[in-house]
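# just the structure for this:
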Amino acid sequence: MSFTAKDVQALREKTGVGMMECKKALVEANGDMDKAIDILREKGLAAANKKAGRIAAEGVVLAYRDNDLGVSVLVEVNSETDFVAKNEEFRAFVLDVAKTIAKTNPADVETLLATNLVGSDRTVQEHVQDKVLSIGENIKVRRFVRVEGNTVEYIHGGGTVGVIVVLEADKETAAKEEVIAMGKDVAMQIAAMSPLYLKESDVPADVIEHEKGILMAQIKADEKMANKPEKVIEGIVKGKLSKYFKETCLLEQQFVKDEDITVAQYIESVAKQVGAPVAVSAFYRYAKGEGIQKKEDNFAEEVSSMIK
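Alright, predicted model coming up:
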């Protein structure tokens, strides 16, 4: 069965795969379009397996809100390069993944990958493999969180950092402009200052003991401090721990827009302004690629290997 340039173009439009790969698939399929699609999908599986070991530390963090469901989603999907992260096809796929999470409430990434992508009869994993083939990079759905209730979302730097702030307020109060603006301010605070906990009581006891141990070791290593009475040292440690809480706990942090007050005081001021109880009960923050060991290229070694 023969085929034309229009067939190659049609196959490319259906699959998103490059022209040369489409031509090869049609040759192998003797011009049969459906068979050519199957061949490309099979190659996609092979390509995905080959690329799966490559480090994907770029990509995008997306915050998505489904008002009909009353659900917010924060999801990170990684690629190998920042160039791909800006690709419209890639970003549309990430949005579909977020919509799938909102709609199906998967238990974890593995369950999500086995779930049909929203608007499709094929799984998220199959779509990932398609994107690996069409885009040419390793792509991974890394993590997500799905939150029900009143929330405010914020994305910084086109997807480098994403934040969801969970509000404790009735639906009418949460919809007020002042409260939404407060949520955005708090979300930007979280994006910029990277708090680890919501409040002091959330800090685990073992973390506090660990910090105490480090502070005690620092004091004892200081000749001027080492000989001070135990009670004085304990007081110094207590003071330094207080500083630690102010740095790592969101509600204890200085508010970046007004350093004379804390974040907690700012939230309280907005609650008074709207005349209704408002609080932040939780938050989620993803930074693109955090914790992923990126490959460090050695330019001299690369040139040397090319010469050899």
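# low-confidence ranges, the stretch 101-250 of the chain, go.
Along the stretch 101-250 of the chain, the model assigns pLDDT under 70 to residues 226.
# in it, what residue spans correspond to helices?
109-113, 124-135, 171-174, 177-193, 205-220, 223-226, 230-248 (DSSP state H, counting those that start in this stretch).
# got the domain ranges for the protein?
Domain ranges of the chain: 5-51, 54-148, per automatic domain parsing.
# any idea which of these is most buried?
domain 54-148 (a mean of 19; mean count of other CB atoms under 10 Å). For glycine as for every other residue, the C-beta is placed from the backbone atoms N, C-alpha and C.
# and that domain, how far from the chain's centre?
Centroid separation for domain 54-148 versus its chain: 10 Å, with CA atoms, centre = their mean, to the nearest Å.
# now stretch 178-198
Distance, centroid of stretch 178-198 to centroid of chain: 16 Å (CA atoms, centre = their mean).
# picking up where we left off before, okay, the domains of the chain in TSV with distance to residue 281 next?
Formatted as TSV, the domains of the chain follow (distance: least, CB to CB, whole Å):
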stretch	distance to residue 281
domain 5-51	40
domain 54-148	10
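# right, and these - which one's nearest residue 247?
domain 54-148 (23.3 Å; CB to CB).
# so who does residue 184 touch?
Shown in contact with residue 184 (CB atoms under 8 Å, 6 or more residues apart in numbering): 152, 154.
# quick check: it vs residue 264, distance?
With distances taken as CB to CB, to the nearest Å, residue 184 is found 17 Å from residue 264.
# and residue 24, by the same measure?
Counting by CB to CB - residue 24 and residue 264 are separated by 62 Å.
# tell me who's in contact with the residue nearest to residue 156 when sequence neighbours are not counted.
Leaving out its chain neighbours, the residue that sits closest to residue 156 by CB to CB, 6 or more residues apart in numbering is residue 191, at 4.6 Å. Residue 191 makes contact with 154, 156, 161, 163, 285, according to CB under 8 Å, 6+ apart.
# any idea what the fourth one is bridged to?
In this case it means residue 163. Beta-bridge pairing for residue 163 (DSSP bridges): residue 154, residue 285.
# that one and residue 72 touch, don't they?
No: with contact defined as CB atoms under 8 Å, residue 163 does not count as touching residue 72 (10.5 Å).
# find residues that contact each of the two.
Shared between the contact lists of residue 163 and residue 72 (criterion: CB under 8 Å, 6+ apart) are residues 63, 153.
# hmm, back to that, ok, so of the contacts of residue 191, who is nearest residue 218?
Using CB to CB, those come closest to residue 218 at residue 285, 28.6 Å.
# tell me who's in contact with that closest one.
Counting by CB under 8 Å, 6+ apart, residue 285 makes contact with 161-163, 190-191, 194-195.
# from these, which two are the most distant?
Farthest pair in these, by CB to CB: 162 and 195, 14.9 Å.
# neighbour-wise, which of these two wins?
Neighbour totals were compared for residue 162 and residue 195, and residue 162 leads with 27 against 19 (other CB atoms under 10 Å).
# is it true that the more buried one touches residue 154?
Yes: between residue 162 and residue 154 there is a contact under CB under 8 Å: 7.2 Å.
# roughly how far does the nearest residue to residue 66 once chain neighbours are set aside sit from residue 115?
What sits nearest to residue 66 in space, not counting adjacent residues and going by CB to CB, 6+ apart, is residue 102, at 4.4 Å. Noted for residue 102: a distance of 12 Å to residue 115, by CB to CB.
# which residues do these two both contact?
Common neighbours of residue 102 and residue 115 (CB under 8 Å, 6+ apart) do not exist.
# strands of the stretch 1-150 of the chain, residue ranges please.
60-66, 71-78, 140-148 (DSSP state E, counting those that start in this stretch).
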